[in-house]
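Colleague: A predicted structure for the sequence below; I have some questions about it.
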Amino acid sequence: MWVRSEYASELAVLSAWIAVLLPWNVAYQPNAPPDGQASIYFFRFALFEIQFRRPWVVEVNGLYVREDAVAAKLPVSEVRLMGGLLAVGAVGTVGASALYLTARDSTGVPIPVGALVVAVLAVVLLRTEEVDPDG
């Protein structure tokens, strides 16, 4: 894969943060009630939903601590584990998006952006080949 083996763990951590922080569904409703003059943005994340009358940008920085100690305790590679977890999350968000599309209760057109990104990250992590840096 295009990821160097020495950066595979960092890619796994970054992928986990992206999967949690990226909205898996974004909907836009122009002419929203009650006055019909404003527009509303719906951002649906894995664990919650946020509604905005105006878009704004959120910057998030993530750090991880004691990577080596945690990785040593895992029965499998942390990269493969994160890839599998992201794949399960992608299946869940795609399923939720499909159910939401068939029986949605709010206005606007849902676009499952995050579900696609999480699925791509899962494939990248699962296909990454790790090489022992000592050998």
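Modeller: That came through fine.

Colleague: ok, the residue most central in space within the chain to Glu6 distance?
Modeller: Geometric centre of the chain, nearest residue: Ala19, 1.9 Å, by CA atoms, centre = their mean. From Ala19 across to Glu6, the span is 22 Å (CB to CB, to the nearest Å). No exception for glycine: its C-beta is placed from N, CA and C like everyone else's.

Colleague: How about Phe52?
Modeller: Phe52 is 40 Å from Glu6, where distance means CB to CB.

Colleague: So which elements touch the longest helix belonging to the chain?
Modeller: Longest helix of the chain, by residue count under DSSP state H: helix 78-102. The criterion is 3 or more CB pairs under 8 Å, 6 or more residues apart in numbering; DSSP states H and E, and the helices and strands that helix 78-102 contacts are helix 8-21, strand 25-32, helix 113-127.

Colleague: So which bits of it are buried?
Modeller: Judged by neighbour count using 16 or more other CB atoms under 10 Å, the buried positions of helix 78-102 are 78-80, 82-83, 85-87, 89-90, 93-94, 96-97, 100.

Colleague: pLDDT below threshold where in the protein?
Modeller: Filtered on pLDDT under 70, the chain yields the residue ranges 1, 3, 31-38, 53-68, 70, 104-109, 132-135.

Colleague: ok, now with 50
Modeller: Segments of the chain classed as low confidence (criterion: pLDDT under 50) are 55-63.
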